[in-house]
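J.: Please work out how this folds:
(one chain, ligands or ions: 1)
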Amino acid sequence: MALTNQYLLSVMETVKKRNGAEPEFIQAVTEVLESFEPVVEANPQLEALGIVERIVEPERFIQFRVPWVDDAGKVHVNRGYRVQFNSAIGPYKGGIRLHPSVNASIIKFLGFEQCFKNSLTGLPMGGGKGGSDFDPKGKSDMEIMRFCHSFMNELYRHIGADTDVPAGDIGVGAREVGFMFGQYKKLTNQYTGVLTGKGLSYGGSLARKEATGYGLLYFTEEMMSCMKNDSVAGKTIVISGSGNVAIYACEKAQELGGKVVALSDSNGYIYDAEGIKLDVVKQIKEVERARISVYADRVPGSVYTVGCKGIWTIPCDIALPCATQNEIDGESAAILVKNGVQVVAEGANMPSTPEAIATFQNAGLLFAPAKASNAGGVATSGLEMSQNSMRYSWTFEEVDAKLKQIMIGIFHNAYDAAKKYGKEGDLVAGANIAGFEKIASAMIAQGVV
Ligand code: NDP
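T.: As a prediction, this is how the structure comes out:
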């Protein structure tokens, strides 16, 4: 769908002029603005108050040098980023990504999407994101620690429990969050919930590790039940990635009676017709930090194939992309549809290209966009912030029950918002609109700031 509204067209033109070298950011803004058309047409004050041109411009963008020393004594310099995108409804909140592909475009697309996702959770969290082009692969624990400490040496002055609360993302798990938290505490002499995804011994929340993957399945189950009178039970499922989101999506999918037959990493994918043995995957990925190919050496009958794109040629009922942005292109989407996929729910951020989304929507299957279906991680981070403020911890069951309710609520908010604006069943539009309405209303109330 192309934009037709003159106001949105002019905002888009400015975004392209200002951020021309940032394709991922432009892709994310384009998708979101397309959804806003009926809202902007129904509410002229959004244009009068310049809400959309304000929402596409980050409140603050920080870039900094991250020098660190490797085990051989050699000095390296990476580039660090933090975008503080929108604080209308709460402190900035969003993960930190460590991956060689990280650049300003990736950080801004993630920060922009995060604003609407956080709004959808119903919790008081604004949108932010950060990261670095540092590659954690193959680094020793001491090298990771020196990098994380150096990263925090600059970041600490921009964040705070009531200002900006970072968390994990690709390449950042409990180990990295621990190193960053330790350095923040050292530099500020304050023990606050300034990061989420912390270890349980120093303020972390039970169920945070599982939250994004579990939440994805809670959303999928509710969507299938309400829109198709169906469920995950008995379905064949393909999940890309084998990191935090993929592993816990796999765990909950299996608990709900689904059969997960494939997982991947950035080198290739494994196929196990008997169903993935998750204990083997956890040992390989969480304990040994090894490649997913090792699974095929350990599980007789499973097969490893080099190259990650091929995973989408495996016939399945449900596809859960949980690796990275733009991992399903138009061609892969067409193959999935030809092979009879019925549900696609995004665990990663923006894993489907615009062509892939159009293919899924034209095929009439159920499509859950990331900012709704993967919001369980940040929602549970919000619950971690609440527990830190109360100096109290809920049980795993309490957090998990709240997570489930939040995911069910997000589905209905997105579904209802789409229906309200004549786009029933279009959860892409519904998620964007529901997230936007709350932020816009807060921005209107706060005036031009
Ligand atoms: P992890 O670092 O734990 O795992 C990422 C997985 O994706 C790894 O298996 C990795 O393989 C694979 N991967 C990374 N880059 C590529 C690539 N270019 N092509 C193919 N595979 C790739 O990250 P998470 O599981 O935490 O995050 C996965 C996605 O989910 C990201 O899009 C993230 O933004 C999103 N997300 C994460 C949340 C969380 O709570 N963790 C919350 C919401 C969204 P390899 O080991 O080879 O790099």
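J.: Can you name the residue of the stretch 151-300 of the chain nearest to the ligand?
T.: Gly243 (1.8 Å; Cβ to the nearest ligand atom). Using the backbone N, CA and C atoms, a C-beta is placed for each residue, glycine as well.
J.: And for the stretch 301-449 of the chain?
T.: Gly377 (2.9 Å).
J.: What residues does the stretch 301-449 of the chain have near the ligand?
T.: Residues of the stretch 301-449 of the chain lying close to the ligand by Cβ under 6 Å from any ligand atom are Cys308, Cys322, Ala323, Thr324, Glu327, Gly347, Ala348, Asn349, Asn374, Gly377.
J.: ok, now with 8 Å
T.: Contacts of the stretch 301-449 of the chain with the ligand, taken as Cβ under 8 Å from any ligand atom, map to 308, 322-325, 327, 347-351, 370, 374-378, 381.
J.: Pretty sure Val344 sits against Phe367.
T.: Yes: judged on Cβ atoms under 8 Å, Val344 makes contact with Phe367 at a distance of 5.2 Å.
J.: Tell me which helix or strand the residue nearest to Ala356 when sequence neighbours are not counted sits in.
T.: Nearest non-adjacent residue to Ala356, counting by Cβ to Cβ, 6 or more residues apart in numbering: Ala333, 3.7 Å away. Assigned by DSSP states H and E, Ala333 belongs to helix 330-338.
J.: residues of stretch 163-172 that come out buried?
T.: Neighbour-count burial for stretch 163-172 flags Asp164, Val165, Pro166, Ala167, Gly168, Asp169, Ile170, Gly171, Val172 (criterion: 16 or more other Cβ atoms under 10 Å).
J.: rewinding a little: settle it for me: which of Val344 and Phe367 has more neighbours?
T.: Using other Cβ atoms under 10 Å as the criterion, Val344 and Phe367 rank with Val344 on top: 29 against 24.
J.: Run through who's touching the helix or strand hosting the more buried one.
T.: Secondary structure from DSSP H and E places Val344 in strand 343-345. Defining contact as Cβ atoms under 8 Å, 6 or more residues apart in numbering, one finds that strand 343-345 is touched by 216, 219-220, 223-224, 228, 235, 317-321, 328, 336, 352, 360, 365-368, 373.
J.: Neighbouring strands - and their directions - for it?
T.: strand 318-320 (parallel), strand 366-368 (parallel) (DSSP bridges).
J.: still on that earlier bit, residues in contact with the residue of the stretch 301-449 of the chain closest to the ligand?
T.: Gly377 touches Gly95, Ala167, Arg208, Ala211, Thr212, Gly215, Val245, counting by Cβ under 8 Å, 6+ apart.
J.: how about a cut-off of 10 Å?
T.: 95, 117, 121, 167-169, 196-197, 208-216, 244-245, 248, 347, 403 (Cβ atoms under 10 Å, 6 or more residues apart in numbering).
J.: and the helix or strand where it lies, how far out from the chain's middle?
T.: Applying DSSP H and E as the criterion places Gly377 in helix 376-390. Put simply, helix 376-390 sits 16 Å off its chain's centre (Cα atoms, centre = their mean, to the nearest Å).
J.: Tell me the buried residues in it?
T.: In helix 376-390, counting by 16+ other Cβ under 10 Å, buried: 376-388.
J.: Output these as JSON lines; include the columns pLDDT.
T.: JSON lines is the format used below for the buried residues of helix 376-390 (pLDDT from 0 to 100):
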{"residue": "Gly376", "pLDDT": "97"}
{"residue": "Gly377", "pLDDT": "96"}
{"residue": "Val378", "pLDDT": "96"}
{"residue": "Ala379", "pLDDT": "97"}
{"residue": "Thr380", "pLDDT": "97"}
{"residue": "Ser381", "pLDDT": "96"}
{"residue": "Gly382", "pLDDT": "97"}
{"residue": "Leu383", "pLDDT": "97"}
{"residue": "Glu384", "pLDDT": "97"}
{"residue": "Met385", "pLDDT": "97"}
{"residue": "Ser386", "pLDDT": "96"}
{"residue": "Gln387", "pLDDT": "97"}
{"residue": "Asn388", "pLDDT": "96"}
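J.: Brilliant, that's me finished.
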